[in-house]
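S.K.: sequence and predicted structure are below.
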Amino acid sequence: MSPSKCRLGVVMDPIDGIQQKKDSTLAMLMAAQARGWELTYFCQQDLSVRDGVPLGQGKNITVHDDPDNWFEIGEPHSLALEELDVILMRKDPPFNMEYIYTTYILELAEQRGSKVVNKASSLRDVNEKAYTAWFPQCTPPSLISRDHHEFSKFLSEQQKIVIKPLDGMGGKSIFVVSDGDPNANVILETLTYGGTQFVLAQRYIPEINDGDKRVLLIDGKPFDYSLARIPAPGETRGNLVMGAKGEGRKLTERDRWICSKVGPTLKRKGVMFAGLDIIGDYLTEINVTSPTGIRELDRQYGTDIADILMTAINHGLSE
C-alpha cells in the first residue's frame, strides 16, 4: 500500500480537552499526517453496529503542533469502519464495560479488513496490572486476590507493599501500606469493596524514589530511552499527572532483559505500542490502552517516536 493512500481513524477522548504539549495521540496523528495519510476522528459515542457492520460518524481532522490551535475538524459523515486502513484505539481508561463494548465494535472492523492498533482482543486480554502475572520472573513478589486474610499474610511477609485497583490509571487509589499500619484493614476493605473485587498488591520497591521508568515498546522492540518519572516531594507515585518530573534515561541491561521477555509476547498478540513500567529492576505494569511518554522523550532526545510507530504500522499493512 502506498503510504499516501492510507486512511487512518482514531478513537480517543475529545481532542479539545487534551494537553497539547504532552499528548502522545496528537504526536501519532501529526506523524501520520506528515506521511500524507488521511485522518478521521471519532469519540466512543460515534461508533455503532448495524446488522453486523461496524459504523462510525467520523470527522476529517487536521492537526498542528500549536498550543493555541492544535486541530481543525470537519463536519461529521457516516462511514463503514472497514473503509479505514488503520484505526488507533487511544481512548483513555477507565477500562469499564463501555470500553469493552468499543473493542467489540473494533474487532468487527478487524474482521472486515481494518488494522486496529492495539488489537481489540488484546486490549481486553492484557490488563495493565494483572498481565504482569504472565511474567513473574520480571516482577516483584505480587498477589492478586480479594481475600483479606491473603493480603494480611502477604503484608506480613513483605513488610511493606503497594496496593492498587486493577482498573485504575494515573496513580489513582494506589496505597503504600506497611506492616502494622492501623489503616491497613480499612484500605483493604475499601479497595476490594469488602472482598468483592480483585486488587493487586506488590512488594514496595524503594527505588521508586529514583523514578518509575516508562519504557516504550514498538512492535515488540524497546525505544532506546526510558522516561523516569520521579515522584514529587512527599509522594510515592511516579505519575506525571500527580506531579512527577519526567527525566530521560538510557535503557539499562535489566530494562532490555525485561523487554526481551515481554516484547515478543505482546508482538504476537498484536500490541504494536505498549508502555512498560519498571521500578528499579522490576516490571510493575504493562500499559496497552493508551500509553504516553512520546512527547517528553522526543523533546529530550530530538527523536520522532510516533514516526517509528507509523513505520511499523505501514510495514504491517504491506505484509
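M.R.: That came through, no problem. This structure is a prediction, so every number in the text was calculated from the model and none was measured.
S.K.: can you give me the helices in the stretch 1-150 of the chain?
M.R.: Taking DSSP state H, counting those that start in this stretch as the test, the helices found in the stretch 1-150 of the chain are 24-34, 97-111, 120-125, 148-158.
S.K.: any chance of the ones you listed in a markdown table, plus mean neighbour count?
M.R.: (C-beta placed from N, C-alpha, C; glycine too.) Below are the helices of the stretch 1-150 of the chain laid out as a markdown table (neighbours: other Cβ atoms under 10 Å):
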| stretch | mean neighbour count |
| --- | --- |
| helix 24-34 | 22 |
| helix 97-111 | 17 |
| helix 120-125 | 18 |
| helix 148-158 | 16 |
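S.K.: Thr40: which of those helices is closest?
M.R.: Closest to Thr40 of these is helix 24-34 (Cβ to Cβ; 10.4 Å).
S.K.: I'd like to know which elements the closest one is packed against.
M.R.: In terms of contacts (3 or more Cβ pairs under 8 Å, 6 or more residues apart in numbering; DSSP states H and E), helix 24-34 is packed against strand 7-11, strand 38-42, strand 53-63, helix 294-301, helix 305-318.
S.K.: which other helices and strands contact the last one?
M.R.: In terms of contact count using 3+ Cβ pairs under 8 Å, 6+ apart, helix 305-318 is assigned the packing partners helix 24-34, strand 115-117, strand 212-218, helix 294-301.
S.K.: quick check: mean pLDDT of it?
M.R.: Mean per-residue pLDDT for helix 305-318: 94.
S.K.: please apply the same query to stretch 145-159.
M.R.: Rounded mean pLDDT across stretch 145-159 is 97.
S.K.: check stretch 187-207 too.
M.R.: 96.
S.K.: turn the helices of the stretch 1-150 of the chain into JSON lines, columns for distance to Glu285.
M.R.: Output for those, formatted as JSON lines (distance: least, Cβ to Cβ, whole Å):
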{"stretch": "helix 24-34", "distance to Glu285": "16"}
{"stretch": "helix 97-111", "distance to Glu285": "17"}
{"stretch": "helix 120-125", "distance to Glu285": "15"}
{"stretch": "helix 148-158", "distance to Glu285": "18"}
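S.K.: wait, which of those is closest to His64?
M.R.: It is, among the helices of the stretch 1-150 of the chain and with distance given as Cβ to Cβ, helix 24-34, at 7.8 Å.
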